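Below: sequence and its predicted model.
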Amino acid sequence: MNDLLTERLILHPFTLAEAERVAAGQAQPGDNWAADYPSEGERVGAGMFAKNAANNGARQPFGGWEIRRRSDGAAIGGLGFHGAPDEHGTVSVGYGLSESVRGQGYASEALRAVLAAAPGWGVKRLVGDTDLDNLPSQRVMEACGLTFTHQDEELKYYGIDLV
């Protein structure tokens with residue numbers, strides 16, 4: 001699986017070894033991580049991908065992706081699918097950034113890259129969710145064209161039809 005490139009970012013599909021290092025929070029020589037990467041959320045997401053990849057093989061593009069800055073190659077966050085599309089072509093995505101780079105448009109840029117590529121991967125609908133009080137994440141989804149669909153006691157849900 002190839003990297004996805006945007007103006008400022010590289011979305012790099014995790015290998016099993018990369019995901020295991022992120023999950024453990026232990027960089028190896030050659031890893032270029034921002035000082036506050038990975039966050040706890042990134043560690044959990046990478047761990048989920050690593051466990052699934054170890055048991056079932058890496059199923060890219062519907063796994064984990066590391067978000068890197070093109071300017072210096074530093075890993076600053078991640079984006080991941082919660083599995084392959086269902087029988088209707090719907091897939092769920094989540095994302096997160098290191099605190100030091102939030103508010104710079106990187107999450108929107110990464111999500112837009114995935115939205116552009118997803119129809120070529122057979123995705124017909126992309127969905128995401130966020131905590132009720134996570135206004136920045138809600139703004140990211142709305143800025144990328146996802147619309148609010150509903151909420152429950154904990155989360156707000158968003159979606160966009162791609163075909």
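Everything's here; your move. Quick caveat: nothing in here was measured; it's all calculated off a predicted structure. Numbering: from 1, shown residues only.

Please identify the buried residues of the lowest-mean-pLDDT helix or strand in the chain?
In the chain, no helix or strand scores lower on mean pLDDT, DSSP states H and E than helix 40-56, which sits at a mean of 86. Across helix 40-56, burial judged by 16 or more other C-beta atoms under 10 Å covers 42-43, 45-50, 52-53. In short, each C-beta sits where N, CA and C put it, glycine included.

For stretch 32-42, list every residue counted as buried.
33-34, 37-39, 42.

Quick one: residues in contact with that stretch.
22, 25, 27, 46, 68, 72-78, 96-101 (C-beta atoms under 8 Å, 6 or more residues apart in numbering).

could you dump that stretch to CSV, C-alpha only?
This file holds the C-alpha atoms of stretch 32-42, laid out as CSV (Å, rounded to 0.1, in the frame of the first residue of the first chain):
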residue,chain,number,x,y,z
ASN,A,32,10.9,10.3,13.5
TRP,A,33,8.3,11.1,16.1
ALA,A,34,7.2,14.5,17.3
ALA,A,35,8.1,15.1,20.9
ASP,A,36,4.5,14.4,22.1
TYR,A,37,3.8,11.5,19.7
PRO,A,38,2.2,9.0,20.2
SER,A,39,-0.7,10.1,22.4
GLU,A,40,-2.6,7.6,24.5
GLY,A,41,-5.3,7.5,21.8
GLU,A,42,-2.7,6.8,19.1
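
can you list the buried residues of helix 40-56 in a markdown table and add distance to Ser108?
Output for those, formatted as a markdown table (distance: C-beta to C-beta, whole Å):
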| residue | distance to Ser108 |
| --- | --- |
| Glu42 | 18 |
| Arg43 | 23 |
| Gly45 | 18 |
| Ala46 | 22 |
| Gly47 | 25 |
| Met48 | 23 |
| Phe49 | 22 |
| Ala50 | 27 |
| Asn52 | 27 |
| Ala53 | 27 |
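
And these, which is closest to Pro85?
Among those, Asn52 lies closest to Pro85 (C-beta to C-beta), at 15.3 Å.

For that closest one, give me its contacts.
Contacts of Asn52 (C-beta under 8 Å, 6+ apart): 59, 63.

For Leu16, see how far away it is.
If you measure Asn52 against Leu16 using C-beta to C-beta, to the nearest Å, the figure is 10 Å.
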